[in-house]
Each structure stands twice: as C-alpha cells, then as structure tokens.
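> Here's my sequence, what's the structure:
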Amino acid sequence: MTENAGNGTLLIESQYFPPIDVYKTLIKYDTLQIEKYEHYQKLSYRNRCYVAGPNGRMILSVPLSRGKNQRTVMKDVRISNEEQWQALHWKTLVSAYRRSPWFEYYEAELELLFQREFNFLLDWNLACLEWVHSKLGLQIPVTFTESYQQEVTGVTDFREQVLPGTVAADAPEYTQVFQDRTGFIPGLSVLDLLFCEGKQSLEVIKKVL
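Numbers count the residues shown, from 1 in each chain. The predicted model follows:
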C-alpha cells in the first residue's frame, strides 16, 4: 500500500504503458481493478501510448489481429505478431531516450520485456503495468472484473476518464529530453517520466496531489 492509498478500488480500462494522468489518481487508491469484459474501443490507450521525440509527441501502437475497428471483448483481443512491432517500439524508445538520465538504468530489464511474445493485448498490458509498478515502488494489488457492468458500485469508475488528446490541467511537469526544442509535452506515457526522473518519478506525481 502506498502512502496516499486508502480510497478503496479504482476501476480503469486496460492500457499500454498508461499516461501519467492515470497515476495521479491511482496512487490515491489501495486496489486497482482492470475492465476485462468491455468491448475493445479504438482511439484509446488500450493499444497505444505516447512518448516524446525530437519533433514532438510520437505514438507507439500495438497492431491487432482483427484490426482497430473490431468489436471484440477485451479479454479476447489478440495481438498481430506477424509484424515486428515490439522490435520497432523498442528501437523507437532507444532512439528517443538514450540521452535521458535514467534510460540506461532501466534498459536491460525493459528490453527483456519487449523480447517476450504475447498473444493477447490484455496480457501484454498487464506485463507492462506490473513492470512500471515495480519501478515506481507501487504495491497496489491488481484484480479484473468478472463481468461487464455499465454502472458499478463499490468502486470508483475511472474508465474512459483519460483519453488521447485530453490532458489534465494539473499535469505534473519535469524536465524532458527534447524540452528545449518542443517545450514541455504533457499527457505522455509514464515511461517518459521514468526515463527522465527515475527513482524520483513517484514524488513528481505526488506533487500535484
């Protein structure tokens, strides 16, 4: 349990290396529940995340076997591993963050994660989430929904509250790799924060509480 925990359970959709805005809310709770039975929705963080590049925000998108327009239950959404997407994503991260203060510290272990093959998007997202939590020092249990409910009780419903193109007004700021060229870019994946702030990442998030 983290210092700021104590508000029960937070329910979110499964996300690929979630944006920092999610963690601002998550650290206030003592349990995380992930929606498993919703239908996949495109244009969300379910299979994409954003990182900083020399020309601004860059997208990393996980290819899906039935495409982005499918209406498949989230637990059954399959990744298309015919494409070398993990190698491409890793190459992009290395190129963008090799000059960041903390990339080398995380590099070896994170590269191993990108070398593991996953068939289901839910499993890949969970592995990414667990890796981030271990680096942030978050000891928040993760559970999954047992059925889809549009209206939920007993938990805080945070599904669809953080979407691409929207950024919280109180987004935490820190020094980014290309900030001298692009200015500060809010709303990026938590990976950006980790590569730039390392062991101080959780403290940066807590500053906006």
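
> Which residues are in contact with H89?
Contact partners of H89, counting by Cβ atoms under 8 Å, 6 or more residues apart in numbering, are L60, F114. C-betas here are computed from N, CA, C, even on glycine.

> can you do 10 Å?
Residues counted as contacts of H89 (Cβ atoms under 10 Å, 6 or more residues apart in numbering) are Y16, F17, C49, V51, L60, S61, V62, F114.

> pLDDT score for it?
With respect to pLDDT, H89 scores 98.

> Could you do G6 as well?
pLDDT, read off for G6, is 58.

> do the same with K207
83.

> Quick check: it touching D170?
Yes: under the criterion of Cβ atoms under 10 Å, K207 makes contact with D170 at 9.5 Å.

> any shared contact partners between these two?
Joint contacts of K207 and D170 (Cβ under 10 Å, 6+ apart) are K24.

> where does this structure have low pLDDT?
Judged by pLDDT under 70, the chain has its weakly predicted residues at 1-6, 67-69, 208-209.

> again, only using 90
1-7, 42-43, 66-71, 83, 165-172, 207-209 (pLDDT under 90).

> And the strands in the chain?
Using DSSP state E, the strands of the chain run over 9-13, 31-35, 48-53, 56-61, 142-144, 156-157.

> For the residue nearest to W131 when sequence neighbours are not counted, which residues are in contact?
Using Cβ to Cβ, 6 or more residues apart in numbering and skipping the chain neighbours, the partner closest in space to W131 is L113 (5.6 Å). With contact set as Cβ under 10 Å, 6+ apart, L113 has these partners: Q86, W90, Y106, W124, A127, C128, E130, W131.

> sorry, back to before: export the strands of the chain to a markdown table and tack on mean neighbour count and distance to G183?
Shown next, in a markdown table, are the strands of the chain (neighbours: other Cβ atoms under 10 Å; distance: least, Cβ to Cβ, whole Å):
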| stretch | mean neighbour count | distance to G183 |
| --- | --- | --- |
| strand 9-13 | 21 | 29 |
| strand 31-35 | 21 | 32 |
| strand 48-53 | 21 | 11 |
| strand 56-61 | 15 | 9 |
| strand 142-144 | 13 | 34 |
| strand 156-157 | 17 | 33 |
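
> among those, which is nearest V22?
Closest approach to V22 among the strands of the chain (Cβ to Cβ): strand 9-13, 6.6 Å.

> what's the angle from the closest one to strand 31-35?
30 degrees (axes from the mean of the first three to the mean of the last three Cα atoms, to 10 degrees).

> Any idea how far the biggest helix by length in the chain is from the middle of the chain?
With secondary structure taken from DSSP state H, the chain has its longest helix at helix 121-136. Using Cα atoms, centre = their mean, to the nearest Å, the mean C-alpha position of helix 121-136 is found 8 Å from that of the whole chain.

> Specify the beta-bridge partners of the closest residue in space to I140 that isn't next to it in sequence.
Spatially, and ignoring its direct neighbours in sequence, I140 is nearest to L32 (5.2 Å; Cβ to Cβ, 6+ apart). Note on L32: beta-bridge partners L10, V142, judged by DSSP bridges.

> No more questions from me, cheers.
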